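> What shape does this take:
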Amino acid sequence: MKKLSYSLAINEALHQMMESDPSVFLIGQGVKSPWYVGNTAKGLLEKFGPERVIDTPVSENAITGTAVGAALAGMRPVVVHPRVDFMMYAMDPVINEAANWHYMFGGKSSVPVVIWGIINRGGEQAAQHSQSIHAIFAHVPGLKVVMPSTPYDAKGLMISAIKDDNPVIYMDDRWLYNLEGEVPKETFSVPIGKGVVRRHGLNITVAAISYMVDESMKASMELEKEGIDAEVIDLRSVKPLDENLLFESVKKTGRLVVADGGWKTCGMAAEVSARVSENVLDCLKAPILRVTLPDVPAPASRVLEKAYYPTFKTIIDAVKVCYKHERGGDGPPCL
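Numbering: from 1, shown residues only. Sure, this is the predicted structure:
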C-alpha cells in the first residue's frame, strides 16, 4: 500500500491497464494538459505515445462516437470529458448507440467503452461548467454509472470499468482530486454495483455519493459529539445500486438521510428514497430527508456558491431534523 492522491490513483489505474492490455487507449480534450485533467493523465503520452493517448479538438460528439466505434471494433477506449457539462453534446453516441447496442444485437456484440466525465464545482465557474448530471445517465438502461469517493475506489473502479464489456459512465468530482488515501500498488478491481459502509452506526443512515461521502464523514464525527451515532454508506455505484446494503442499514437505524451532489428533483437522492420507501417503509421511524443542490443553476458569485453547495453542516442539520422526528405507533417491526 502507498499513499496517493485521488487524481494520481486514476493515473496509476490508466498506466497499469494500458501496460497490460494494448487495446486500451485514452482519448479526449486536453489529455496532455494538467489544466484540463489534473494529474490523471500524467506521463501517459510520454510512455504510450500519441496513438494511444489522443488529444482531440473540441468536438464531444465526434470524440465519443469515435470511442464507441473503436469499442465495437474490439478496442477498450477511455474517453474523457474534462467538463461533464459538455457531455450533453455526446448524448447520441452514449444513449442511442452505446447503451442499446448489446440489447439490439441479441448479446452478440458489446461496447466496452469507459465514458469518463469530470465534475467541476465552485471557483466561480457558474451554470455551464458546474453541473453534475449523473442521474441523467443512471436513468438509461444499458449504462452502468460509478462515482468513487476515495483514491482506493478511484483506482479500483476505473480498472473495473475498463475491464467491463459494457459501457460504463465513470464520473468523478474535481473537488476530490487532492484527497489522499492508501492505495495498493498492484492492479485490483472494486466491484461495480457494490456500496460500502464507511462508518457503522445505530441511530441514522446517511447514504452518500461522491464528494458528499467525505462531507458525511465529517458530519458523523460532529454528530457523535452530540450523541447521535450515524452510519455512513458510500453508494459508489449509482447504477446498479446496492439495494441490499442500503436496506439492511435502514432496517437497523430506522432513519435515512440521502446526500447527493446533484439536483433534488428526479435526482439520485429521489431514486434512493423511492427504493427504500418501496421496500422497507415499515422500518422507518421518520420521513426520509434529502441533502442536494437546490433546483437552480449554479451561481458565479462566491458568496452565492457558499449558500448553493451543501456541506457537512447541511447534513448535520438534516440528520438532527430526521433524528428528532418519531413516527407514531410501536416503531419499526424489523429491528
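
> Roughly how far does the spatially closest residue to Leu8 that is not a sequence neighbour sit from Met171?
Distances taken as CB to CB, 6 or more residues apart in numbering put Asn39 closest to Leu8, at 5.3 Å, once the chain neighbours are dropped. Just so you know, the C-beta spots here come from the backbone N, C-alpha and C atoms, and that holds for glycine as well. Separation of Asn39 from Met171 (CB to CB, to the nearest Å) stands at 18 Å.

> correct me, but the residue nearest to Leu8 touches Ser5?
Yes - at 7.1 Å, Asn39 and Ser5 qualify as touching, with contact defined as CB atoms under 8 Å.

> Common neighbours of those two, please.
When contacts are counted by CB atoms under 8 Å, 6 or more residues apart in numbering, Asn39 and Ser5 have Tyr177 as shared neighbours.

> With neighbour numbers in mind, choose between the two.
Ser5 (20 against 17; other CB atoms under 10 Å).

> Might one say that the more buried one is in contact with Pro151?
Yes - if you go by CB under 8 Å, Ser5 and Pro151 touch, sitting 6.4 Å apart.

> sorry, back to before: for the residue nearest to Leu8, which three-state class applies?
Counting by DSSP: H, G, I helix; E, B strand; the rest coil, the backbone at Asn39 sits in coil.

> So which bits of the strand ranked longest in the chain are buried?
When the chain is parsed with DSSP state E, its longest strand is strand 256-263. Across strand 256-263, burial judged by 16 or more other CB atoms under 10 Å covers 256-263.

> Name the member of these with the shortest distance to Lys313.
Using CB to CB, Ala259 comes nearest to Lys313 of the buried residues of strand 256-263, at 11.9 Å.

> what separates that closest one from Asn11, distance-wise?
28 Å.

> same deal with Gly117?
For Gly117, the distance to Asn11 - CB to CB - is 17 Å.

> How about Ile315?
30 Å.

> Which parts of the protein belong to which domain?
2-183, 196-324 (automatic domain parsing).

> For these, please prepare TSV with the additional fields distance to Val190 and mean pLDDT.
Output for the domains of the chain, formatted as TSV (distance: least, CB to CB, whole Å; pLDDT from 0 to 100):
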stretch	distance to Val190	mean pLDDT
domain 2-183	3	95
domain 196-324	7	96
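
> The ones you listed into a markdown table, with extra columns for distance to Ser189?
Listed next are these as a markdown table, based on distance: least, CB to CB, whole Å:
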| stretch | distance to Ser189 |
| --- | --- |
| domain 2-183 | 4 |
| domain 196-324 | 12 |
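
> Okay, helices next: where are they in the stretch 1-150 of the chain?
Applying DSSP state H, counting those that start in this stretch to the stretch 1-150 of the chain gives helices spanning 6-20, 34-37, 44-48, 60-72, 91, 101-104, 134-138.
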